[in-house]
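In: I would like the atomic coordinates for the input below:
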Amino acid sequence: MPAVVVADYGIGNLFSVRRALEAAGADVLVTGEPRVVAQAERLVVPGVGAFGDVVAELRVRHLQEPVLEMAASGRPVLGICVGMQMLFEVGEEFGSHPGLGLLPGHVRAIPAADTEGRPHKIPHVGWDALHPAGTRSGWQGTLLADLQPDAAVYFVHSFAAEPDDHGDRLADTVYGGHAISAAVQRDNVMGCQFHPEKSGPVGLSILGRFLMM
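Out: Residues are numbered from 1 along each chain as shown. As a prediction, the model looks like this:
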C-alpha cells in the first residue's frame with residue numbers, strides 16, 4: 001500500500017484524515033517527528049483554526065523545515081484546509097503572518113457580502129460544487145483528475161487563498177457570486193481548501209489520486 005505521513009503538530013482532525021486515507025488505500029503514519037516528516041514518501045498537512053496560530057505551532061514543533069524539505073524533494077505534499085492556506089506566502093487572519101511560501105499569494109477573508117452587496121453567512125459552511133479555474137477545461141494530470149466538473153465537496157472556512165499565479169489555481173467554488181479558490185497545485189505541491197476526508201466518495205477519489213502521484 002502507498003505510505004503516507006500525516007504531520008501531527010497538535011492542530012487538525014487527524015483521526016478523520018487518517019481514516020479517509022486508509023479507506024482510499026494508504027498505509028498511514030501520523031507523527032510529529034521532524035525526521036520522519038522530512039523523509040516521508042507522501043505528506044499530508046492538515047489544519048484547523050486561525051492561520052497565524054497554525055503556522056506558529058508548526059514552527060514551534062520544528063516541522064516547518066521538514067515540510068519545506070519534502071516539497072523541495074519533489075515528493076507529493078497535500079495541504080488540507082488551513083494546511084492549504086499555509087502553502088502561501090502571507091495570511092491576513094488576525095494580522096499579517098508569514099506562511100510557508102511554497103506558492104506565491106495571500107490568504108484573505110471571504111467577502112462579507114455577496115456580489116449584489118447583500119450580507120451573507122461567514123464562515124462558508126457546507127457542500128458546494130467545484131469548477132475548473134480560469135481557462136481550464138478540466139483537471140487531467142492533476143489531483144482532481146478523477147472528478148467531473150460540478151462535483152460537490154464540503155467546506156468550512158472564513159478565509160481563502162488568492163494565488164498570484166493563476167496557473168496554480170486548479171478549482172474554484174462560487175459563494176455569494178464570488179469565485180473562491182478551492183484547490184491548487186504546482187508540480188508536487190497540492191492543496192484543498194475543502195475537507196476531502198468529509199466529502200464522501202468524491203473526497204476519497206481525490207485522496208486516491210494523491211496516492212498515485
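In: looking just at contacts, which helices and strands does the strand of greatest length in the chain meet?
Out: For the chain, the strand reaching the highest residue count under DSSP state E is reported as strand 178-186. On a contact count with 3 or more CB pairs under 8 Å, 6 or more residues apart in numbering; DSSP states H and E, strand 178-186 meets strand 159-163, strand 169-175, strand 189-192. C-betas here are computed from N, CA, C, even on glycine.
In: distance from the longest one to the middle of the chain?
Out: Here strand 169-175 is found 12 Å from its chain centre; the criterion is CA atoms, centre = their mean, to the nearest Å.
In: so how far is Phe210 from the residue nearest to Glu197 when sequence neighbours are not counted?
Out: Nearest residue to Glu197, sequence neighbours excluded (CB to CB, 6 or more residues apart in numbering): Ala20, at 3.7 Å. Distance, Ala20 to Phe210, by CB to CB, to the nearest Å: 11 Å.
In: do the same with Ala182
Out: In this view, Ala182 and Phe210 are 16 Å apart by CB to CB.
In: the two: who's more crowded?
Out: Neighbour totals were compared for Ala182 and Phe210, and Ala182 leads with 28 against 22 (other CB atoms under 10 Å).
In: mind listing what that one touches?
Out: The contact partners of Ala182, by CB atoms under 8 Å, 6 or more residues apart in numbering, come to Leu130, Val153, Phe155, Leu170, Ala171, Asp172, Thr173, Cys192, Gln193, Phe194.
In: tell me which of those residues is nearest to Arg61?
Out: Checking the contacts of Ala182 against Arg61 with CB to CB, the nearest one is Cys192 at 22.4 Å.
In: ok so, going back, just how off-centre is the helix or strand hosting the residue nearest to Glu197 within its chain?
Out: Using DSSP states H and E, Ala20 maps to helix 14-23. Here helix 14-23 is found 15 Å from its chain centre; the criterion is CA atoms, centre = their mean.
In: alright, calling it a day.
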